[in-house]
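Undergrad: Next input, structure requested:
(one chain, ligands or ions: 1)
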Amino acid sequence: MMKMPSFRAEHVWLAPMSGSTDAAFRRQAAKYGAPALVSEMVAGQSLAAERPDVVRKTCRHDGDGLWIVQLAGRRTEDMRRGAELLYAAGVDVIDINMGCPARQVTGGNSGSALMREPELAMQIIEATLEGAQGKPVTLKMRLGWDHSLLNAPDIAQEAVSRGVQLITVHGRTRCQFYKGQADWAAIAPTVDSVDVPVIANGDIGTVAEARDALKQSGAYGVMVGRPAMGQPWLLAEMEADRLGVQFTAPSLAEQADNLCEQIEDSMALYGNQLGLRMVRKHIAAHIDKVDMPLNELNRRQLRSELCQYDDAGKLVRRIQTVYAGEFELVAA
Ligand SMILES: Cc1cc2nc3c(=O)[nH]c(=O)nc-3n(C[C@H](O)[C@H](O)[C@H](O)COP(=O)(O)O)c2cc1C
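TA: All right, here's what the predicted structure looks like:
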């Protein structure tokens, strides 16, 4: 029988994405109804040093939805201290990063590099659990380091035996980085190896793909990252499908208003200049995905134009105009 976590075990999660899942973006996803939202990873060491830019990454989003902060690190004392600080801040859940493939992270033995060093990985888990003082701890990882070391099921088992309450598996190995297609069926052995919920992650971009990923992996839920950029309602849509309730996509006017709100939130979070820069990737993703009769050239031109404004007032007015369909289209 599945052991249920001590927190609300949601089925649809927003994936942690450095530089993207800040409080401004998480607020939007939460506002549409995303049930669980993971912050960008923060290094236990930098959090322990209370660096303001790092503390900012952990900010609670406005609105409902679980507030989950992800910790990465290679030193047990930093992970313990980081977890203590997150406990004190009142986060709902602490997630441990064992999935990041970046060389600057794996080079320091954290992120997915820990999957090659199970002993150190377990010490890090134990230290995080100690610092968390009973606050739920979850673990996000990949299938393994490469296809000769697909040890996610073993690591999951060990982690759960120490007290980790939920596991997320991105259906790629570290050596695949983001190449190819995530393998949802390859997550099944991890699902079978533990009696806690396992969340499947990687390339789940539609309701149909969410169903397919669940079917192939047998997982309890899904985690969605890049596909939610530019359509933060996607998680709510998946949750509605799971519950068998109707989902109405936001109107273009609502999308525009919410994107403008995200721009304001981003400026409030980082300061005006940096805030505008940080939100540009979200604006570009909105233009890529918006359901309007735009050809590739139109989208490219709009992306480029909207990502150049230094004046937030003008940017917001232009977004409203674009979403109202009041602009010149260039023929392909
Ligand atoms: C820009 C970017 C930043 C990411 N940052 C993190 C991170 O901080 N922690 C983490 O565990 N995974 C991180 N990931 C991986 C995602 O959480 C997720 O596992 C991966 O993108 C696959 O899911 P998707 O296809 O839904 O995006 C990042 C991915 C991207 C594209």
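
Undergrad: which parts of the stretch 151-300 of the chain sit against the ligand?
TA: Counting by C-beta under 6 Å from any ligand atom, the residues of the stretch 151-300 of the chain lying close to the ligand are 170, 201-204, 224-227. The C-beta positions use only the backbone N, C-alpha and C, and glycine is treated the same way.

Undergrad: Distance to residue 317, neighbour count and pLDDT added to these, as a markdown table?
TA: Formatted as a markdown table, those follow (distance: C-beta to C-beta, whole Å; neighbours: other C-beta atoms under 10 Å; pLDDT from 0 to 100):
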| residue | distance to residue 317 | neighbour count | pLDDT |
| --- | --- | --- | --- |
| 170 | 39 | 28 | 98 |
| 201 | 37 | 27 | 98 |
| 202 | 38 | 28 | 98 |
| 203 | 36 | 19 | 98 |
| 204 | 35 | 28 | 98 |
| 224 | 31 | 26 | 98 |
| 225 | 31 | 20 | 98 |
| 226 | 29 | 15 | 98 |
| 227 | 29 | 19 | 98 |
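
Undergrad: Including secondary structure, could these go into JSON lines?
TA: What follows is those, written out as JSON lines (DSSP: H, G, I helix; E, B strand; the rest coil):
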{"residue": "170", "secondary structure": "strand"}
{"residue": "201", "secondary structure": "strand"}
{"residue": "202", "secondary structure": "coil"}
{"residue": "203", "secondary structure": "coil"}
{"residue": "204", "secondary structure": "coil"}
{"residue": "224", "secondary structure": "strand"}
{"residue": "225", "secondary structure": "coil"}
{"residue": "226", "secondary structure": "helix"}
{"residue": "227", "secondary structure": "helix"}
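
Undergrad: correct me, but residue 54 touches residue 46?
TA: Yes - using C-beta atoms under 8 Å, residue 54 is in contact with residue 46, at 4.2 Å.

Undergrad: quick one: low-confidence ranges for the chain?
TA: Low-confidence segments of the chain (pLDDT under 70): 104-108, 330-332.

Undergrad: Would you mind measuring from whichever residue of the stretch 101-250 of the chain sits closest to the ligand to residue 14?
TA: The stretch 101-250 of the chain approaches the ligand most closely through residue 225 (2.9 Å), counting by C-beta to the nearest ligand atom. Distance of residue 225 to residue 14, computed by C-beta to C-beta, to the nearest Å: 7 Å.

Undergrad: Over to residue 95?
TA: Distance, residue 95 to residue 14, using C-beta to C-beta: 12 Å.

Undergrad: again, but for residue 20
TA: With distances taken as C-beta to C-beta, residue 20 is found 10 Å from residue 14.

Undergrad: any common contacting residues for the two?
TA: Residues within reach of residue 20 and of residue 14 at once, by C-beta atoms under 8 Å, 6 or more residues apart in numbering, are residue 225.

Undergrad: which strands and helices sit next to the helix or strand containing residue 30?
TA: Per DSSP states H and E: residue 30 is located in helix 23-32. The contact analysis (3 or more C-beta pairs under 8 Å, 6 or more residues apart in numbering; DSSP states H and E) places helix 23-32 against strand 36-43, helix 234-243, helix 252-270, helix 272-289.

Undergrad: same thing but at 7 Å, please
TA: Packing partners of helix 23-32 (3 or more C-beta pairs under 7 Å, 6 or more residues apart in numbering; DSSP states H and E): strand 36-43, helix 252-270.

Undergrad: could you dump these to a markdown table with mean neighbour count?
TA: A markdown table is the format used below for the helices and strands packed on helix 23-32 (neighbours: other C-beta atoms under 10 Å):
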| stretch | mean neighbour count |
| --- | --- |
| strand 36-43 | 26 |
| helix 252-270 | 18 |
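
Undergrad: and residue 303, which of those is closest to it?
TA: helix 252-270 (13.2 Å; C-beta to C-beta).

Undergrad: Tell me which residues are up against the closest one.
TA: Helix 252-270 is contacted by residues 22-25, 27-28, 31, 56, 275-276, 278-279, 282-283, 286, 312, 315-316, 319-320, 323 when judged by C-beta atoms under 7 Å, 6 or more residues apart in numbering.

Undergrad: next one: stretch 163-178
TA: Residues outside stretch 163-178 that contact it (C-beta under 7 Å, 6+ apart): 5-6, 9, 99, 101, 106, 112, 115, 125, 129, 136-147, 152, 156, 159, 182-184, 186-187, 190, 194, 196-202, 223.

Undergrad: how does the protein divide up, domain by domain?
TA: Using automatic domain parsing, the domain parsing of the chain gives 12-243, 252-323.

Undergrad: so of the ones you listed, which one's packed in deepest?
TA: domain 12-243 (a mean of 21; mean count of other C-beta atoms under 10 Å).

Undergrad: Just the strands from this structure, written as ranges.
TA: Secondary structure of the chain (DSSP state E): strands located at 12-14, 36-43, 66-72, 93-98, 137-142, 166-170, 198-201, 221-224.

Undergrad: quick one, which of these is nearest to residue 120?
TA: The nearest among these, by C-beta to C-beta, is strand 93-98 at 10.5 Å.
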